[in-house]
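*Asks:* below is the sequence, then the predicted model.
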Amino acid sequence: MFRFQEEALSGLYSIYPSVFKDERGYFFEAFQSEKYNVITGGQEFVQDNISKSSKGILRGLHFQKPPFAQGKLVQVLQGSVLDIAVDLRRNSATYGQSFKKILSADNAVQLYIPPGFAHGFYTLEDHTLFSYKCTAPYHAASEGCILWNDPALKIDWELFELPILSEKDKLGASFSDFETPFL
């Protein structure tokens, strides 16, 4: 059983699976396509990715341009992250606004991020395993990156120290110079 909660950014959902715990550990259903069709509009997930990160790593804010735009179902398998999604849909009432949520192995919360959003996360623990279920395959020529700390986005990453970034993420586009390909 899942509880779907649409967030303030239209199309963005937090998903709360029922977690069954006992002295042996826990069990929960992490995905069932028929149930998720309600929030994905029937989009099929075609690629699964897993990343492992140390504490203090920041990945993002990433997206893929149409026609390779990706919807993502994300969750943490081990550890925890501060997860961020930014609405890049030009005609959206929440264009340029962000959403953040703590995802962890302990809380089992998932986030569905539809196409037209940039996504990133900051790892809060060592050995964090992050899972992405994507509605389109990776397409290198279509990838884009918005600068994670662009002042125009006003994202409070709740950092106590500078994050560790890839070279690509250090060179993300400023939001004010960004021309969105999403309607």
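*Replies:* That came through fine. What you see is a predicted model; the values in this text were computed from it and never measured. Numbers count the residues shown, from 1 in each chain.
*Asks:* beta partners of the most centrally placed residue in the chain?
*Replies:* Centroid check for the chain by Cα atoms, centre = their mean gives His119 as the closest residue, at 4.5 Å. His119 has these beta-bridge partners by DSSP bridges: His62, Ala85.
*Asks:* same question, Phe27
*Replies:* Counting by DSSP bridges, Phe27 is bridged to Phe20.
*Asks:* doesn't Phe20 make contact with it?
*Replies:* Yes. Applying Cβ atoms under 8 Å, one finds Phe27 in contact with Phe20, separated by 4.9 Å. Backbone N, C-alpha and C define where each C-beta goes, glycine included.
*Asks:* give me every residue that touches the residue nearest to the centre of the chain.
*Replies:* Residues in contact with His119 (Cβ atoms under 8 Å, 6 or more residues apart in numbering) are 60-63, 72, 74, 83-86, 113.
*Asks:* check what pLDDT it gets.
*Replies:* Per-residue pLDDT puts His119 at 98.
*Asks:* and the gap between it and Tyr132?
*Replies:* 8 Å (Cβ to Cβ, to the nearest Å).
*Asks:* okay, and the common contacts of these two?
*Replies:* Counting by Cβ under 8 Å, 6+ apart, the residues touching both His119 and Tyr132 are 72, 74.
*Asks:* what's the end-to-end length of stretch 83-102?
*Replies:* With Cα to Cα, to the nearest Å as the measure, stretch 83-102 spans 6 Å from end to end.
*Asks:* name the helix or strand for Gly42, please.
*Replies:* Gly42 is part of no helix or strand, with elements assigned from DSSP states H and E.
*Asks:* how close does it get to Phe20?
*Replies:* Here Gly42 is placed at a distance of 28 Å from Phe20 (Cβ to Cβ).
*Asks:* cool, and Leu82?
*Replies:* From Leu82 to Phe20 the distance is 27 Å (Cβ to Cβ).
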